[in-house]
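Visitor: Show me how the following folds:
(one chain, ligands or ions: 1)
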Amino acid sequence: MKENVILIGSGQHARVILYNIEEQGLYNVVGILDSDKSKEGFTFEGLPILGSYLDIDLKDVERKFNTNKFFMAFGNMKYRKEVYDYFINKGWESFNIIHPNAVVSSKAKLGKGILIEAGCLVTPNPVIGDNVIINTGSQVNHDNIIHDNVHIASGVVLSGSVTINEKALIDDGVIVSLGRKIGRESIIGAGSVVTKDIPNNVIAYGNPCKVIRKNNKF
Ligand SMILES: CC(C)(COP(=O)(O)OP(=O)(O)OC[C@H]1O[C@@H](n2cnc3c(N)ncnc32)[C@H](O)[C@@H]1OP(=O)(O)O)[C@@H](O)C(=O)NCCC(=O)NCCS
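Guide: Now for the predicted structure:
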(Lines give C-alpha, C1' and ligand atoms only; values in the text may rest on other atoms or scores of the structure.)
Protein backbone atom coordinates (compact mmCIF):
# COMPACT_ATOMS: atom_id res chain seq x y z
CA MET A 1 0.00 0.00 0.00
CA LYS A 2 1.23 3.48 -0.90
CA GLU A 3 2.16 5.86 1.92
CA ASN A 4 0.46 9.27 2.12
CA VAL A 5 2.71 12.32 1.61
CA ILE A 6 2.36 16.10 1.33
CA LEU A 7 4.20 18.32 -1.18
CA ILE A 8 5.54 21.75 -0.30
CA GLY A 9 5.04 24.14 -3.22
CA SER A 10 2.77 24.25 -6.25
CA GLY A 11 4.81 25.61 -9.13
CA GLN A 12 6.77 24.17 -12.06
CA HIS A 13 9.04 22.04 -9.90
CA ALA A 14 5.99 20.46 -8.23
CA ARG A 15 5.03 18.98 -11.62
CA VAL A 16 8.47 17.39 -11.86
CA ILE A 17 8.08 15.97 -8.36
CA LEU A 18 4.61 14.59 -9.10
CA TYR A 19 5.88 12.89 -12.25
CA ASN A 20 8.78 11.28 -10.40
CA ILE A 21 6.59 10.15 -7.48
CA GLU A 22 4.17 8.56 -9.92
CA GLU A 23 7.00 6.74 -11.73
CA GLN A 24 8.49 5.55 -8.43
CA GLY A 25 5.11 4.16 -7.38
CA LEU A 26 5.65 4.18 -3.59
CA TYR A 27 3.81 7.30 -2.40
CA ASN A 28 0.35 8.79 -2.63
CA VAL A 29 0.29 12.61 -2.69
CA VAL A 30 -2.72 13.71 -0.64
CA GLY A 31 -2.27 17.49 -0.65
CA ILE A 32 -0.04 20.49 -1.06
CA LEU A 33 1.12 23.19 1.34
CA ASP A 34 2.34 26.47 -0.09
CA SER A 35 3.74 29.72 1.29
CA ASP A 36 1.00 31.69 -0.50
CA LYS A 37 -2.21 31.70 1.56
CA SER A 38 -4.25 33.00 -1.37
CA LYS A 39 -3.90 29.59 -3.07
CA GLU A 40 -5.83 27.87 -0.24
CA GLY A 41 -8.90 26.00 -1.50
CA PHE A 42 -7.60 25.81 -5.08
CA THR A 43 -6.22 22.67 -6.67
CA PHE A 44 -2.95 21.94 -8.42
CA GLU A 45 -2.91 19.04 -10.89
CA GLY A 46 -6.11 17.84 -9.21
CA LEU A 47 -4.60 17.95 -5.70
CA PRO A 48 -5.99 20.18 -2.95
CA ILE A 49 -3.89 23.13 -1.82
CA LEU A 50 -4.41 22.95 1.93
CA GLY A 51 -3.15 26.42 2.77
CA SER A 52 0.01 28.16 3.86
CA TYR A 53 2.34 26.04 5.98
CA LEU A 54 3.17 29.24 7.86
CA ASP A 55 -0.26 29.53 9.50
CA ILE A 56 -1.84 26.08 9.19
CA ASP A 57 -1.83 23.75 12.20
CA LEU A 58 0.50 20.97 11.04
CA LYS A 59 -0.85 18.63 13.76
CA ASP A 60 -4.30 18.95 12.14
CA VAL A 61 -2.82 18.12 8.74
CA GLU A 62 -1.08 15.09 10.26
CA ARG A 63 -4.32 13.81 11.79
CA LYS A 64 -6.48 14.47 8.76
CA PHE A 65 -4.15 12.88 6.21
CA ASN A 66 -2.44 10.34 8.44
CA THR A 67 1.05 11.50 7.51
CA ASN A 68 3.91 13.72 8.58
CA LYS A 69 5.92 13.00 5.45
CA PHE A 70 6.76 15.90 3.14
CA PHE A 71 8.76 16.58 0.03
CA MET A 72 10.16 19.93 -1.05
CA ALA A 73 8.46 20.66 -4.37
CA PHE A 74 9.80 24.11 -5.20
CA GLY A 75 13.22 24.92 -6.62
CA ASN A 76 14.04 28.41 -5.32
CA MET A 77 17.44 28.01 -3.66
CA LYS A 78 16.89 31.10 -1.56
CA TYR A 79 14.25 29.37 0.55
CA ARG A 80 14.74 25.61 0.14
CA LYS A 81 16.98 25.18 3.21
CA GLU A 82 14.92 27.26 5.63
CA VAL A 83 11.61 25.65 4.61
CA TYR A 84 13.08 22.13 4.79
CA ASP A 85 14.46 22.90 8.27
CA TYR A 86 11.08 24.37 9.30
CA PHE A 87 9.32 21.05 8.66
CA ILE A 88 12.10 18.99 10.28
CA ASN A 89 11.89 21.20 13.38
CA LYS A 90 8.13 20.55 13.49
CA GLY A 91 8.87 16.81 13.70
CA TRP A 92 8.02 16.05 10.06
CA GLU A 93 10.23 13.82 7.95
CA SER A 94 11.15 13.68 4.30
CA PHE A 95 11.79 10.70 2.00
CA ASN A 96 13.70 10.00 -1.19
CA ILE A 97 12.30 10.01 -4.71
CA ILE A 98 14.39 7.94 -7.09
CA HIS A 99 13.13 7.52 -10.65
CA PRO A 100 13.14 3.83 -11.63
CA ASN A 101 15.40 4.67 -14.60
CA ALA A 102 18.14 6.11 -12.39
CA VAL A 103 21.02 3.81 -11.47
CA VAL A 104 21.95 4.28 -7.81
CA SER A 105 24.57 2.08 -6.16
CA SER A 106 23.42 0.32 -3.01
CA LYS A 107 26.74 1.52 -1.50
CA ALA A 108 25.85 5.20 -1.93
CA LYS A 109 25.04 6.83 1.42
CA LEU A 110 21.84 8.79 1.00
CA GLY A 111 20.29 11.32 3.37
CA LYS A 112 16.60 12.27 3.22
CA GLY A 113 14.54 14.52 0.97
CA ILE A 114 16.63 13.65 -2.10
CA LEU A 115 15.30 13.68 -5.68
CA ILE A 116 17.24 11.61 -8.20
CA GLU A 117 15.69 11.90 -11.66
CA ALA A 118 15.64 9.63 -14.71
CA GLY A 119 18.96 8.77 -16.32
CA CYS A 120 21.14 9.68 -13.33
CA LEU A 121 24.07 7.51 -12.39
CA VAL A 122 25.22 7.37 -8.78
CA THR A 123 28.23 5.03 -8.57
CA PRO A 124 29.59 3.43 -5.34
CA ASN A 125 30.61 5.37 -2.25
CA PRO A 126 29.27 8.89 -2.67
CA VAL A 127 27.68 10.53 0.32
CA ILE A 128 24.61 12.64 -0.50
CA GLY A 129 23.11 14.86 2.20
CA ASP A 130 19.51 15.97 2.87
CA ASN A 131 17.22 18.02 0.62
CA VAL A 132 19.36 17.52 -2.49
CA ILE A 133 18.09 17.72 -6.10
CA ILE A 134 19.84 15.72 -8.82
CA ASN A 135 18.15 16.45 -12.13
CA THR A 136 17.91 14.26 -15.23
CA GLY A 137 20.97 12.51 -16.61
CA SER A 138 23.57 13.65 -14.08
CA GLN A 139 26.49 11.61 -12.78
CA VAL A 140 27.60 11.53 -9.16
CA ASN A 141 30.75 9.44 -9.09
CA HIS A 142 32.85 7.56 -6.55
CA ASP A 143 33.76 9.27 -3.29
CA ASN A 144 31.79 12.42 -4.07
CA ILE A 145 30.48 14.31 -1.08
CA ILE A 146 27.29 16.24 -1.81
CA HIS A 147 26.32 18.32 1.20
CA ASP A 148 22.78 19.26 2.33
CA ASN A 149 20.54 21.52 0.21
CA VAL A 150 22.62 21.23 -2.98
CA HIS A 151 20.97 21.46 -6.41
CA ILE A 152 22.63 19.59 -9.28
CA ALA A 153 20.87 20.43 -12.56
CA SER A 154 20.65 18.23 -15.69
CA GLY A 155 23.53 16.56 -17.50
CA VAL A 156 26.16 17.36 -14.87
CA VAL A 157 29.26 15.18 -14.61
CA LEU A 158 31.02 15.13 -11.26
CA SER A 159 34.30 13.23 -11.54
CA GLY A 160 35.63 11.16 -8.61
CA SER A 161 36.25 12.63 -5.14
CA VAL A 162 34.43 15.88 -5.87
CA THR A 163 32.91 17.85 -2.98
CA ILE A 164 29.90 20.11 -3.44
CA ASN A 165 29.38 22.19 -0.34
CA GLU A 166 26.06 23.16 1.19
CA LYS A 167 23.49 25.06 -0.87
CA ALA A 168 25.60 25.23 -4.03
CA LEU A 169 23.81 25.20 -7.41
CA ILE A 170 25.52 23.37 -10.27
CA ASP A 171 23.75 24.40 -13.49
CA ASP A 172 23.10 22.24 -16.58
CA GLY A 173 25.95 20.41 -18.26
CA VAL A 174 28.72 21.38 -15.83
CA ILE A 175 31.80 19.13 -15.58
CA VAL A 176 33.73 19.13 -12.30
CA SER A 177 37.21 17.59 -12.56
CA LEU A 178 38.66 14.99 -10.22
CA GLY A 179 38.90 16.01 -6.59
CA ARG A 180 37.70 19.62 -7.02
CA LYS A 181 35.59 21.38 -4.38
CA ILE A 182 32.73 23.81 -4.93
CA GLY A 183 32.16 26.32 -2.12
CA ARG A 184 28.94 26.70 -0.19
CA GLU A 185 26.19 28.91 -1.66
CA SER A 186 28.04 29.24 -4.97
CA ILE A 187 26.49 28.95 -8.45
CA ILE A 188 28.39 27.29 -11.29
CA GLY A 189 26.94 28.50 -14.62
CA ALA A 190 25.75 26.14 -17.36
CA GLY A 191 28.34 24.29 -19.40
CA SER A 192 31.29 25.23 -17.21
CA VAL A 193 34.35 23.03 -16.80
CA VAL A 194 35.63 23.32 -13.23
CA THR A 195 39.37 22.66 -13.09
CA LYS A 196 40.15 24.48 -9.82
CA ASP A 197 38.41 24.72 -6.44
CA ILE A 198 35.67 27.38 -6.33
CA PRO A 199 35.31 29.48 -3.15
CA ASN A 200 32.14 30.02 -1.10
CA ASN A 201 29.36 32.36 -2.14
CA VAL A 202 30.37 33.23 -5.72
CA ILE A 203 28.96 32.99 -9.23
CA ALA A 204 31.48 31.27 -11.49
CA TYR A 205 31.30 30.04 -15.08
CA GLY A 206 33.20 29.33 -18.28
CA ASN A 207 35.76 26.85 -19.56
CA PRO A 208 37.91 26.89 -17.56
CA CYS A 209 35.48 28.02 -14.87
CA LYS A 210 36.38 31.42 -13.36
CA VAL A 211 34.85 33.39 -10.50
CA ILE A 212 32.73 36.22 -11.94
CA ARG A 213 31.32 37.90 -8.85
CA LYS A 214 29.80 37.40 -5.38
CA ASN A 215 26.55 35.44 -5.28
CA ASN A 216 23.86 37.67 -3.84
CA LYS A 217 21.00 35.53 -5.22
CA PHE A 218 20.61 33.24 -2.17
C1 LIG B 1 25.04 31.48 -13.69
C2 LIG B 1 24.07 32.64 -13.64
C3 LIG B 1 24.00 33.16 -12.20
C4 LIG B 1 24.60 33.75 -14.55
O5 LIG B 1 23.72 34.83 -14.44
P6 LIG B 1 24.07 36.30 -14.94
O7 LIG B 1 25.38 36.71 -14.40
O8 LIG B 1 22.87 37.10 -14.61
O9 LIG B 1 24.23 36.07 -16.48
P10 LIG B 1 23.70 36.96 -17.70
O11 LIG B 1 22.67 36.14 -18.39
O12 LIG B 1 23.37 38.35 -17.26
O13 LIG B 1 24.98 37.02 -18.58
C14 LIG B 1 26.08 37.85 -18.28
C15 LIG B 1 27.21 37.50 -19.24
O16 LIG B 1 27.78 36.23 -18.84
C17 LIG B 1 27.66 35.28 -19.90
N18 LIG B 1 27.30 34.01 -19.29
C19 LIG B 1 26.24 33.73 -18.47
N20 LIG B 1 26.25 32.45 -18.12
C21 LIG B 1 27.33 31.90 -18.71
C22 LIG B 1 27.85 30.59 -18.72
N23 LIG B 1 27.27 29.61 -18.06
N24 LIG B 1 28.97 30.36 -19.44
C25 LIG B 1 29.59 31.35 -20.13
N26 LIG B 1 29.13 32.62 -20.14
C27 LIG B 1 28.00 32.88 -19.44
C28 LIG B 1 26.54 35.80 -20.78
O29 LIG B 1 26.68 35.32 -22.10
C30 LIG B 1 26.74 37.30 -20.68
O31 LIG B 1 27.81 37.65 -21.52
P32 LIG B 1 27.92 39.13 -22.18
O33 LIG B 1 28.07 40.09 -21.01
O34 LIG B 1 29.12 39.03 -23.04
O35 LIG B 1 26.65 39.34 -22.92
C36 LIG B 1 22.65 32.27 -14.12
O37 LIG B 1 22.74 31.69 -15.38
C38 LIG B 1 21.95 31.34 -13.16
O39 LIG B 1 21.33 31.77 -12.18
N40 LIG B 1 22.03 30.02 -13.41
C41 LIG B 1 21.34 29.04 -12.63
C42 LIG B 1 20.02 28.70 -13.27
C43 LIG B 1 19.29 27.61 -12.55
O44 LIG B 1 18.60 27.87 -11.58
N45 LIG B 1 19.46 26.37 -13.01
C46 LIG B 1 18.78 25.23 -12.47
C47 LIG B 1 18.00 24.59 -13.58
S48 LIG B 1 16.94 23.37 -13.01
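Visitor: Check the protein for the residue nearest the ligand and tell me.
Guide: Across the chain, the shortest distance to the ligand (C-beta to the nearest ligand atom) belongs to G189, at 2.7 Å. C-beta: built from backbone N, CA, C; applies to glycine.
Visitor: residues contacting that residue?
Guide: G189 is in contact with 171, 174, 203-206, 209, 212, counting by C-beta atoms under 8 Å, 6 or more residues apart in numbering.
Visitor: Make a ChimeraX selection of whichever of these turn out to be buried.
Guide: Buried subset of the contacts of G189, written as a ChimeraX selection, criterion 16 or more other C-beta atoms under 10 Å:
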select :171,174,203,204,205,209
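Visitor: What about the contacts of G189, which are in strands?
Guide: 203-205, 212 (DSSP state E).
Visitor: Would you format the residues you listed as CSV with pLDDT included?
Guide: CSV is the format used below for these (pLDDT from 0 to 100):
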residue, pLDDT
I203, 98
A204, 99
Y205, 98
I212, 98
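Visitor: Just want the most central residue of this structure.
Guide: I133 (2.6 Å; C-alpha atoms, centre = their mean).
Visitor: That residue and I32, how far apart?
Guide: According to C-beta to C-beta, to the nearest Å, I133 and I32 sit 18 Å apart.
Visitor: now D171
Guide: Taken as C-beta to C-beta, the span from D171 to I32 is 27 Å.
Visitor: Can you point out the buried residues in the strand ranked longest in the chain?
Guide: The longest strand of the chain (DSSP E) is strand 27-34. Neighbour counts over strand 27-34 (16+ other C-beta under 10 Å) mark 27, 29-34 as buried.
Visitor: And for stretch 54-69?
Guide: Buried, per 16+ other C-beta under 10 Å, within stretch 54-69: 58, 61-62, 65, 67-69.
Visitor: ok, and of those, which contact the ligand?
Guide: Among the buried residues of stretch 54-69, not one lies near the ligand by C-beta under 6 Å from any ligand atom.
Visitor: and the two most separated of the residues you listed?
Guide: The largest distance within these, taken as C-beta to C-beta, falls between L58 and K69 and amounts to 12.0 Å.
Visitor: Which residues are in contact with each of those two?
Guide: Joint contacts of L58 and K69 (C-beta under 8 Å, 6+ apart) are W92.
Visitor: For N20, pull up the helix or strand it's in.
Guide: Per DSSP states H and E: N20 is located in helix 12-24.
Visitor: What residues of stretch 191-198 count as buried?
Guide: Neighbour-count burial for stretch 191-198, counted by 16+ other C-beta under 10 Å, picks out 192-194, 198.
Visitor: what about that stretch, how long is it end to end?
Guide: 15 Å (C-alpha to C-alpha, to the nearest Å).
Visitor: and which of the contacts of G189 is nearest A108?
Guide: Looking across the contacts of G189 and measuring by C-beta to C-beta, the closest to A108 is V174, at 20.1 Å.
Visitor: ok, now how distant is the closest one from T136?
Guide: Counting by C-beta to C-beta, the gap from V174 to T136 is 14 Å.
Visitor: got the residues of this structure near the ligand?
Guide: Close to the ligand, as judged by C-beta under 6 Å from any ligand atom, the chain has residues 135, 153, 169, 171, 187, 189-192, 203, 205-206.
Visitor: ok, what's across the strand from the nearest residue to I98 once chain neighbours are set aside?
Guide: Distances taken as C-beta to C-beta, 6 or more residues apart in numbering place I116 nearest to I98, at 4.7 Å, with adjacent residues excluded. Beta-bridge partners for I116, by DSSP bridges, are I98, I134.
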